[in-house]
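**Q** this one's sequence-less:
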């Protein structure tokens, strides 16, 4: 099948999604692999900034795969990412001008805030309280370095 010359990058995002699905399965087996939640947040915000519906749909699909694999509520990450993108991060950028500090606080807000968000959902819907482990600190450090590189 021949692809259009004007749209040469159409297969690249689908390859990334396929690799993410494999990676998220491996990250649940091997706990030293972080779940890349902050990377998904960065991709989600970039897709919203570019107003690209294909990328938004693909990142949302990856977030749904993440939720299903980690047993979170459906669409909870999408709702949480939208809330912090629209309400929290702009206020953070007004208060802090250091780029590295903003990245570090973004990583903290994504991980710890998502845990608190899931805790709120669990209390509202009378679901089991999500657990938190010490791996979260490791994931925060690793993903902060990954976001710093990006």
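**A** Sure thing, it's come through. Model, not experiment: these values are computed from the prediction. Residues are numbered from 1 along each chain as shown.
**Q** okay, buried residues for stretch 133-146 please.
**A** By neighbour count on 16 or more other CB atoms under 10 Å, the buried set for stretch 133-146 is 139, 140, 142, 143, 144. C-beta coordinates here come from the backbone N, C-alpha and C atoms, glycine included.
**Q** what do you get for stretch 45-64?
**A** Quick answer for stretch 45-64 (16+ other CB under 10 Å): 45, 47, 48, 55, 56, 58, 59, 60, 62, 63, 64.
**Q** for stretch 62-74, same thing?
**A** Going by neighbour count (16+ other CB under 10 Å), the buried part of stretch 62-74 is 62, 63, 64, 65, 66, 67, 72, 73.
**Q** farthest pair within those?
**A** By the measure CB to CB, 62 and 73 form the most distant pair in the buried residues of stretch 62-74, at 16.4 Å.
**Q** what about residue 55, helix or strand, and which?
**A** In the assignment (DSSP states H and E), residue 55 maps to helix 53-70.
**Q** contact partners of that helix?
**A** Residues from elsewhere that reach helix 53-70 (CB atoms under 8 Å, 6 or more residues apart in numbering): 13-14, 16-17, 20-21, 24-25, 28, 35, 37, 40, 43-44, 46-48, 72-78, 81.
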